[in-house]
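In: Structure for this input, please:
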Amino acid sequence: MPDSLLLILFDAALRGTLLALLLLLAAVLWRDRPHLSTARAGAALALGLCVQVVSSTPLFEALVPRLWQAPLVAVSVGNAVLFWVFVQALFDDEFSLRPVHGVAWLAVAALSGFNCAVSAGSTSVVAPVLIGVQRAVPLAFAVLAALAAASHWRSDLVEGRRRLRLFIVVTGIAYTVVLLAARWGSPRGQLSPLLASVDVATLLVIVAVVACRMLHLGGSDLFPSAPTRLAPDAPGPERADPALPSPLEPAPDPAEERLAVALQRLMLGERAYRTEDLTVAGLAARLAVPEYRLRRLINQRLGHRNFNAFINGFRLDEARSALADPARRDLPVLTIALDAGFQSIGPFNRAFKAGTGLTPTEFRRQKLADS
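Out: Model (predicted):
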C-alpha cells in the first residue's frame, strides 16, 4: 500500500476520532447545563471545531471550489472568537453572553468568508491587507483568551479549574502560533498532507485532555452551585443542607474544623474582610496555614469558587446592614462602602446591584420606608 494512501487513511482515522469526541462533548454540555454560558460557548466551539476539522482536510481544500469552502472557512476562523468566549465563560463565574460576542464572531466570519471567496484570487492592493488581518485574528483572540484565563489566577479557589486554566493558556497559545506559522509558510496557506495530519493529531490531544478534565470536573467544580455561608452564632460554617449527615460520611478532619473556626473568628470577629487588597495568600498568612489548605476549605467546605466573591459577600452583608439602619440614614453611601472594605464606589455599586438587584440608594430607601 503506497505511503500516501496510508497517510490519507491515518488522517481520516484521526479526524473521525476527533469529530466523535467533539460531538460527544457538545452533546454532554448541552444536555447537562444548557442554560449556562459555559455550556453554550463550549458546545458552540465544539461544533465549530467539527466544521474546521472537515474543511481543513487536504483533499477537501484541493478539490472543493473556494466559493463553496467560504462558509466553512468563515466558521473555522470564527472559532478563534468562540475560544475566547469559552475561556471567559469557563473561568469567570460572573460572565454572561452579550451582543458584542456575537458581533465579533460575525465580523471575523464575514471577513474570512469574503477573503476565501473573493480576496484569495484577487489582484487588488486591498486583498493582501484583508488576508493579513484574517491571519492575525486567531493570534489576537488567542492572546485575549490567555489574558482571560490568566486574570484573577490567585483568586480562583477551584484547584481542578486552576490546572485546566494553565493547560488552556499554554496549549491554546502554542497551537495557534504554530498553526499560523505553518500556514504562512505553506503555498496558498494550505498545509501539506503530513502537516495537516500533525495538526489534527495535536488538536485531538488538546481536545481529549480538555474534554476529560471538563467531564471529570462535572457539576462539582466546572459549574457553579450555591455557596455555604458562615453563620455568626454557629461554631463553624453552616451547611447548605440542614439534613443530618449520612452515617457513611467520613468524620470531620479536626485540623479542618479548627481552621474553619479560626476563619470564622477572623472574618466575623476581627472583620478581616475590611483589609485593603486582601488576598488568599494574605489571609492564609494571618491564619498561619498553607495557601492551598485555605483555598480548599473555602471552596470544598463553604462552596465558594472565587476568593474575591467570598470576601465581597462579607462586605456586602455589612453594607446592607448599615444601609438599613435608621441611625445611619445620613451616612454617605461612599463612606459605608469604604468602611466595609471596598476601595471605590464603582465596584461597590456593581457588586451591590448584582447581589440585590437594587442600587445602594434604592435599597436604603426601601428598607427605611419599611421601618
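In: State the pLDDT value of the closest residue to Leu45 other than its chain neighbours.
Out: In this structure, Leu45 finds its nearest non-sequential neighbour in Leu82, 4.2 Å apart by CB to CB, 6 or more residues apart in numbering. (Glycine included, C-beta is placed from N, CA and C.) pLDDT for Leu82: 94.
In: and if you look at Pro237?
Out: For Pro237, the pLDDT comes out at 39.
In: now swap in Phe348 and tell me
Out: With respect to pLDDT, Phe348 scores 90.
In: before we move on, what about Arg33?
Out: Per-residue pLDDT puts Arg33 at 78.
In: That one touches Ala39, doesn't it?
Out: Yes - with contact defined as CB atoms under 8 Å, Arg33 and Ala39 form a contacting pair (4.0 Å).
In: Please, where are all the helices along the stretch 151-300 of the chain?
Out: Under the criterion DSSP state H, counting those that start in this stretch, the stretch 151-300 of the chain contains helices at 159-184, 193-221, 254-264, 280-287, 291-296.
In: Which positions in the third one come out as buried?
Out: The reference is to helix 254-264. 259-260, 262-264 (16 or more other CB atoms under 10 Å).
In: next one: the fourth one
Out: Burial within helix 280-287, assessed by neighbour count using 16+ other CB under 10 Å, is assigned to 280, 283-284, 286-287.
In: go on, the first one?
Out: Residues of helix 159-184 classed as buried by neighbour count (16+ other CB under 10 Å): 160-161, 164-165, 168-169, 171-173, 175-176, 179-180, 182-183.
In: what's the average pLDDT for it?
Out: Across helix 159-184, the average pLDDT comes to 78.
In: roughly how far out does it sit from the chain middle?
Out: In terms of CA atoms, centre = their mean, to the nearest Å, the centre of helix 159-184 is found 14 Å from the chain centre.
In: Residue ranges of each domain in this protein, please.
Out: According to automatic domain parsing, the chain comprises the domains 3-221, 226-239+253-297, 306-371.
In: and the ones you listed, which one's lowest on average pLDDT?
Out: The weakest mean pLDDT among those belongs to domain 226-239+253-297, with a mean of 79.
In: now that domain: how far from the chain's centre is it?
Out: Counting by CA atoms, centre = their mean, domain 226-239+253-297 is centred 26 Å from the centre of its parent chain.
In: Stretch 357-371 too?
Out: Distance of stretch 357-371 from the chain centroid (CA atoms, centre = their mean) equals 34 Å.
In: And for it, what's in contact with it?
Out: With CB atoms under 8 Å, 6 or more residues apart in numbering as the contact definition, stretch 357-371 has outside contacts at 319-320, 323-324, 326, 329, 333, 336-337, 348-349, 352-353, 356.
In: quick one: buried residues of that stretch?
Out: Within stretch 357-371, the residues scored as buried using 16+ other CB under 10 Å are 360, 363-364, 367.
In: Quick one: these as TSV, columns for distance to Ala62 and secondary structure too.
Out: Below are the buried residues of stretch 357-371 laid out as TSV (distance: CB to CB, whole Å; DSSP: H, G, I helix; E, B strand; the rest coil):
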residue	distance to Ala62	secondary structure
Pro360	63	helix
Phe363	64	helix
Arg364	69	helix
Lys367	70	helix
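In: follow-up on the earlier one: more neighbours, Arg33 and Ala39?
Out: Higher neighbour count among Arg33 and Ala39: Ala39, with 23 against 19, using other CB atoms under 10 Å.
In: just checking, the more buried one touches Leu25?
Out: No - counting by CB under 8 Å, Ala39 does not reach Leu25; the two are 10.3 Å apart.
In: and Pro326, how far is that from Leu106?
Out: Distance from Pro326 to Leu106, counting by CB to CB, to the nearest Å: 52 Å.
In: more neighbours, those two?
Out: Between Pro326 and Leu106, counting by other CB under 10 Å, Leu106 is the more crowded of the two (13 against 8).
In: The more buried one in helix, strand or coil?
Out: Of the three states, Leu106 takes helix under DSSP: H, G, I helix; E, B strand; the rest coil.
In: Equivalent analysis for Trp30, please.
Out: helix.
In: count of residues packed around the closest residue to it other than its chain neighbours?
Out: Among residues not flanking Trp30 along the chain, Ala43 sits closest, at 4.7 Å (CB to CB, 6+ apart). Applying other CB under 10 Å, we find 23 other residues in the vicinity of Ala43.
In: And for Phe352?
Out: Neighbour count for Phe352, taken as other CB under 10 Å: 25.
In: now Ala110
Out: 12.
In: for the one 3 residues further on, same thing?
Out: Taking other CB under 10 Å as the neighbour definition, Gly113 ends up with a count of 21.
In: Correct me if wrong: it contacts Ala70.
Out: Yes - Gly113 lies in contact with Ala70 (CB under 8 Å); the separation is 4.4 Å.
In: Can you give me the distance of the closest residue to Ile168 other than its chain neighbours to Phe91?
Out: Leaving aside its chain neighbours, Ile168 sits nearest to Ala149 (5.5 Å; criterion: CB to CB, 6+ apart). Here Ala149 is placed at a distance of 6 Å from Phe91 (CB to CB).
In: Mind listing the shared neighbours of the two?
Out: Common neighbours of Ala149 and Phe91, using CB under 8 Å, 6+ apart, are Arg165.
In: Number of residues surrounding the residue lying closest to Ala351 once chain neighbours are set aside?
Out: In space, and not counting its chain neighbours, Ala351 is closest to Asn312: 5.3 Å by CB to CB, 6+ apart. Neighbour count for Asn312, taken as other CB under 10 Å: 22.
In: my guess is Asn312 is in a strand, correct?
Out: No - applying three-state DSSP, one finds Asn312 to be helix, outside a strand.
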